[in-house]
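In: need a structure here:
(2 chains)
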Number of protein chains: 2
Amino acid sequence: MPVPTFEDIRLAHDRIRHHVHHTGVLTSSALNEMSLASLYFKCENFQKTGAFKFRGAMNAILSLSDDEARRGVATHSSGNHGAALALAARKRGISCTAVVPRNALRSKIEAMQAYGATVIFCEPDLKSREDGLKAVTDRTGAVFIHPYDNFYVICGQGTAAKELLEEVPGLDLLFVPVGGGGLLSGSLIAAKSLSPSLAVYGCEPAMADDACRSLKAGKIIPSVNPATMADGLLTSLSPLTFEIIRNHVKEILTVSEEEIVAAMKLVWQRMKIIVEASSAVALAAVMANKGLIRNKRAGIILTGGNVNLSNLPFG
Amino acid sequence: MPVPTFEDIRLAHDRIRHHVHHTGVLTSSALNEMSLASLYFKCENFQKTGAFKFRGAMNAILSLSDDEARRGVATHSSGNHGAALALAARKRGISCTAVVPRNALRSKIEAMQAYGATVIFCEPDLKSREDGLKAVTDRTGAVFIHPYDNFYVICGQGTAAKELLEEVPGLDLLFVPVGGGGLLSGSLIAAKSLSPSLAVYGCEPAMADDACRSLKAGKIIPSVNPATMADGLLTSLSPLTFEIIRNHVKEILTVSEEEIVAAMKLVWQRMKIIVEASSAVALAAVMANKGLIRNKRAGIILTGGNVNLSNLPFG
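Out: This next block holds a predicted model:
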């Protein structure tokens, strides 16, 4: 798979811009005071399906040939990518099948179904997921759209940082959550062209610090039984995202579960917007590294806002 | 007390505009689909202190003479007005005392104190509140800033509708929660000048339907022991707000507690923003009166976003 360039992100943006929300950038004087910095929040929690994932999914769906599109698409996902792909597929009028672990959040499963996906359950392990997906693609010929190890998905995710950097000039740093690395990869490619001096940090839970360990080891260390509440960041880097991140990221910062809850609560209480735990990881990293950002202008990508309102981590 | 005119609201806006947020207007394709209308949400939950109340408080504080200002201000409030007045007073560098019922929400009391108010507790009844306030003003000479029966407060609250109507032309209807009637009064005066054909609806909980009953009776019917979760809408109309509302409102719509929770949940889940129960009353009225809004353009003022995250009404 080729490594995307900024031109590929630009093409993706042209392709998807009439389908995705150009999300707003919010600021908070309270959080600026607390951080002694100027923070700019790119609100992908306001994106369609409630997460940035819709950008990549829409770009992948629109990049299919008519022949491919006729076969429909399939993926494995326990959450936001599945819902995003389902809606993107519906917009093109093609079918979507999602292989979903039995223990996925009910609210996320219902979202996929509400957008018209066929949901097939598997056991919550890699082999069961891959077998389930293979059975689907063998039977239907559906095109597999990987949640992040996919050229078009990465290009789509990069459009969020592109919008932010075009709208807010002169950022010094950018903080991006990292799970499988699709959003971080796209952000790095966008930043390299639009703002070469920008320091881009990946942010991940200490309880799922495979990206941090992979970079240190110089090879992909898979995420094994990560026990973090940031359920969007459980996945491991892929060959493509590892390559991009390794070459361009400033550093991977890790945060504790307590720091994630505290950051999530800050966003809810001070900004009055809803972000999911995975989203709060970037702000958590900012608040844990105040020396890094002092008197600087920092962008933060708020990745999604899909939470189970009946089960919130606030005491 | 004279009845404010649109010119008074314009002056208020000039006075406060460098102190208040010009809050955004959000739309939601999901809620438009569900309501078969085009809804425009004026997001006063993003206002400083988390509620529109800061507009009126700031206008009242800035309208004090230097002599008055030196004496400080006092008010009674169980919530957002107290916090708003405290911050507005702090911005002018003057003292603020709030007389607060013992059973007020702890989070709201803490907010007043965080903004520098002196909090004095009273029993949760009218006499105790008035005695407490009189003791303060007698002792300190502080100027009493009523939460809504105040010319400058009403003018300040009217700036929210002014911004909305200037930004979104061609609205057919406007939905505004009503408690004491300050926001509704200001909105009515703004609408009368900016959009004379606009139908403005007051929205209140059926469990605190004193405004609805007052209009029917042609005189103020006080709110007695209202038992609604919309804790910002417990107060009764005042002579001034009653007069304005009676002359200009299209109708007062009431909604059940279940409708309030459902509307609140819709905003949280679909718009990914945090509104308090009192805020959700206007959307609840919209969803309960779909015939009224079908294929129309409706404005909704989301009044505030101060909630206790440890005690949410979601099952």
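In: When you work out contacts or count neighbours from here on, use the C-alpha atoms and nothing else.
Out: OK.
In: Quick check: buried residues in the longest helix belonging to chain A?
Out: Counting by DSSP state H, the longest helix found in chain A is helix A:151-167. By 16 or more other CA atoms under 10 Å in any protein chain shown, the buried positions in helix A:151-167 come out as A:151-165.
In: where's the closest residue in space to A:L194 that isn't next to it in sequence relative to chain B, distance?
Out: Excluding its sequence neighbours, the residue lying closest to A:L194 (CA to CA, 6 or more residues apart in numbering or on different chains) is A:L165, at 7.0 Å. Applying CA to the nearest CA, to the nearest Å, the value for A:L165 to chain B is 21 Å.
In: Surely A:L165 and A:L174 touch.
Out: No: with contact defined as CA atoms under 8 Å, A:L165 does not reach A:L174; the gap is 9.5 Å.
In: Could you look up the SS state of A:L39?
Out: strand (DSSP: H, G, I helix; E, B strand; the rest coil).
In: where does A:H146 land on pLDDT?
Out: As predicted, A:H146 sits at a pLDDT of 97.
In: make that A:D66, sorry
Out: 97.
In: ok, the residue nearest to A:L194 - contacts?
Out: A:L171, A:A191, A:L194, A:S195 (CA atoms under 8 Å, 6 or more residues apart in numbering or on different chains).
In: from these, which single one is nearest chain B?
Out: Closest approach to chain B among the contacts of A:L165 (CA to the nearest CA): A:L171, at 23.0 Å.
In: so what's that closest one closest to, chain neighbours aside?
Out: Nearest to A:L171 is A:R297, by CA to CA, 6+ apart, at 5.0 Å.
In: how about that neighbour, phi and psi?
Out: Note on A:R297: its backbone torsions stand at phi -100, psi 120 [degrees, to the nearest 10].
In: what does chain A put close to chain B?
Out: Contacts of chain A with chain B, taken as CA under 8 Å from any CA of the partner chain, map to A:45-46, A:50, A:268-269, A:271-275, A:305-306, A:309-310, A:314-315.
In: what about 6 Å?
Out: A:K272, A:I273, A:I274, A:S310, A:F314, A:G315 (CA under 6 Å from any CA of the partner chain).
In: out of these, which is most surrounded?
Out: Within the residues of chain A next to chain B, most neighbours by other CA atoms under 10 Å in any protein chain shown means A:I274, with 28 neighbours.
In: who's in contact with A:C212?
Out: Contact analysis of A:C212 by CA atoms under 6 Å, 6 or more residues apart in numbering or on different chains lists A:I252.
In: Specify the local secondary structure of it.
Out: helix.
In: same deal with A:R15?
Out: helix.
In: For it, grab the count of nearby residues.
Out: 16.
In: That one and A:F144: what is the separation?
Out: 20 Å (CA to CA, to the nearest Å).
In: likewise A:A30?
Out: Distance from A:A30 to A:F144, by CA to CA: 44 Å.
In: So for these two, which sits in the more crowded spot?
Out: Ranked by neighbour count (other CA under 10 Å), A:A30 and A:F144 place A:F144 first, with 19 against 13.
In: That one and A:G72 touch, don't they?
Out: No: the criterion here is CA atoms under 6 Å, and A:F144 misses it with A:G72 at 8.9 Å.
In: List the residues that contact the residue lying closest to A:V307 once chain neighbours are set aside.
Out: Among residues not flanking A:V307 along the chain, A:E276 sits closest, at 5.5 Å (CA to CA, 6+ apart). Going by CA under 6 Å, 6+ apart, A:E276 touches A:G304, A:G305, A:N306, A:V307.
In: A:V178 now?
Out: A:G202, A:C203, A:E204.
In: distance of the first one from A:G158?
Out: Right, A:G202. 14 Å.
In: Return the set of residues that bridge with whichever residue of the stretch 151-300 of chain A sits closest to chain B.
Out: Nearest residue of the stretch 151-300 of chain A to chain B (CA to the nearest CA) works out as A:I273 at 4.1 Å. Judged by DSSP bridges, the bridge partners of A:I273 are B:I273.
In: For chain A, which segments count as strands?
Out: A:25-26, A:38-43, A:73-76, A:96-101, A:118-122, A:143-144, A:173-177, A:199-205, A:251-255, A:297-302 (DSSP state E).
In: ok, back up a step: model confidence over the longest helix of chain A, on average?
Out: pLDDT averaged over helix A:151-167 gives 98.
In: Phi and psi next, for the spatially closest residue to A:L233 that is not a sequence neighbour.
Out: In space, A:L233 comes closest to A:G179 once its chain neighbours are excluded; the distance is 3.8 Å by CA to CA, 6+ apart. Main-chain torsions, A:G179, degrees, to the nearest 10: phi -120, psi -90.
In: Skipping adjacent residues, who's closest to A:I94 in space?
Out: In space, A:I94 is closest to A:G72, 5.4 Å off (CA to CA, 6+ apart).
In: who's in contact with that neighbour?
Out: A:I94, A:S95, A:C96, A:A142.
In: Relative to chain B, how far out is it?
Out: 25 Å.
In: surely A:M207 meets A:T228?
Out: Yes: A:M207 lies in contact with A:T228 (CA under 6 Å); the separation is 5.5 Å.
In: who touches both of those two?
Out: What both A:M207 and A:T228 touch, as defined by CA under 6 Å, 6+ apart, is an empty set.
In: number of nearby residues for A:G181?
Out: 28.
In: Was I right to think it contacts A:P239?
Out: No: between A:G181 and A:P239 there is no contact under CA under 6 Å: 10.1 Å.
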